[in-house]
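Asks: Kindly generate the corresponding structure for this input.
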Amino acid sequence: MIEPDSKDASVAAATNLGGRWPLGRRMKVVTAVVGALLAGATAYAATNWVVGLSAGSSGEAQSAAVSNLTISAVATPAATNVLYPGASGDVVLTISNPNPFPVTVTAVNLPTNTTYGTGYTSSALSTTQAGCVSTTPSDVIWNFSTSTSGNSHSLTSPVTVAASGQPNNPLTVTLTNDASMTSAAPPACENTYFSMPALTGVTATGGASTASISPATDSWTS
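Replies: Now for the predicted structure:
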């Protein structure tokens, strides 16, 4: 008699069981099929499909609005150089920047040399000094001002005002010897505080820059 090989024996055994394979054999077959499916899924997940970008793909941005600077007199100026007839003195002021970005001031525009400051009895600039107002005239003007209104004078060194500083954190600047009192100033202007004539313009640029440390000291050229 010829003995069947192992494969034929398995088939014969299955036949003897009415076409059913033993449980162990069936588990091996199921395990093999599931393993083959998982291997196929893994290979699919690891596939690198190249995805491009449609023309014109973009996003949205917005630039900031630009607001004017405010230059104001300081209530308690710490002027080192004071005015007297025929001499120049310091001017102390604050610059407020409401913009959400730093602003660098490089120059200011001066009023005419016949536009005079008004004198006050105290640094609070609340009570005018009799006999020493702009119409007297007080003879207090911006240094280097001329007969032409709006003439620009560059700062010796530009000052940068930090972003969003108005009104709580303005930059205090002392402009050295930028006020002038003519020799014709009346005696009533002795021991007086002056509100300088309003500046007519400013040259400034906005953008990233390191803010000047307050208080700052500067001046402008003739």
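
Asks: Show me the helices in the chain, by range?
Replies: 6-16, 23-45 (DSSP state H).

Asks: count of neighbours near Ser214?
Replies: 16 (other CB atoms under 10 Å). Backbone N, C-alpha and C define where each C-beta goes, glycine included.

Asks: Ignore what I typed, I meant Leu53.
Replies: Leu53: 6 surrounding residues under other CB under 10 Å.

Asks: For Ser134, give me phi and psi.
Replies: When read as degrees, to the nearest 10, the backbone of Ser134 gives phi -60, psi -30.

Asks: For it, list the residues it contacts.
Replies: Counting by CB atoms under 8 Å, 6 or more residues apart in numbering, Ser134 makes contact with Thr115, Tyr116, Gly117, Thr118, Pro197.

Asks: and the helices of the chain, which one is worst for confidence?
Replies: Lowest mean pLDDT within the helices of the chain: helix 6-16, at a mean of 47.

Asks: who wins for most neighbours among the contacts of Ser134?
Replies: Gly117 (28 neighbours).

Asks: Would you agree that one is in contact with Ser138?
Replies: Yes - judged on CB atoms under 8 Å, Gly117 makes contact with Ser138 at a distance of 5.7 Å.

Asks: Relative to Val103, which of the contacts of Ser134 is nearest.
Replies: Nearest to Val103, judged by CB to CB, of these is Pro197 at 22.6 Å.

Asks: In contact with that closest one: list those residues for me.
Replies: By CB under 8 Å, 6+ apart, Pro197 lies in contact with Pro111, Thr115, Tyr116, Gly117, Ser134, Ile141, Trp142.

Asks: quick one: it from Thr217, how far?
Replies: Counting by CB to CB, to the nearest Å, the gap from Pro197 to Thr217 is 21 Å.

Asks: What is the neighbour count of Pro100?
Replies: 11.

Asks: I'd guessed it sits against Ser164; true?
Replies: Yes - using CB under 8 Å, Pro100 is in contact with Ser164, at 5.7 Å.

Asks: Domains of this protein: list them as residue ranges, please.
Replies: Listed by automatic domain parsing, the domain ranges of the chain are 6-41, 70-218.

Asks: and Thr47, which of those is closest to it?
Replies: Nearest of the domains of the chain to Thr47, taken as CB to CB: domain 6-41 at 11.0 Å.

Asks: Any idea which residue is closest to the centre of this protein?
Replies: Taking CA atoms, centre = their mean as the criterion, Phe101 is the residue nearest the geometric centre of the chain, at 2.3 Å.

Asks: wait, what's in contact with that residue?
Replies: Ala64, Ala163, Gly206, Gly207, Ala208.

Asks: Let me have those residues in CSV, extended by neighbour count, pLDDT and distance to Gly86.
Replies: Converted to CSV, the contacts of Phe101 look like this (neighbours: other CB atoms under 10 Å; pLDDT from 0 to 100; distance: CB to CB, whole Å):
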residue, neighbour count, pLDDT, distance to Gly86
Ala64, 10, 83, 47
Ala163, 19, 92, 42
Gly206, 18, 93, 40
Gly207, 9, 89, 42
Ala208, 8, 85, 44
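
Asks: Specify which member of the residues you listed is nearest to Val82.
Replies: The closest of the contacts of Phe101, once distances to Val82 are taken by CB to CB, is Ala163, at 34.0 Å.
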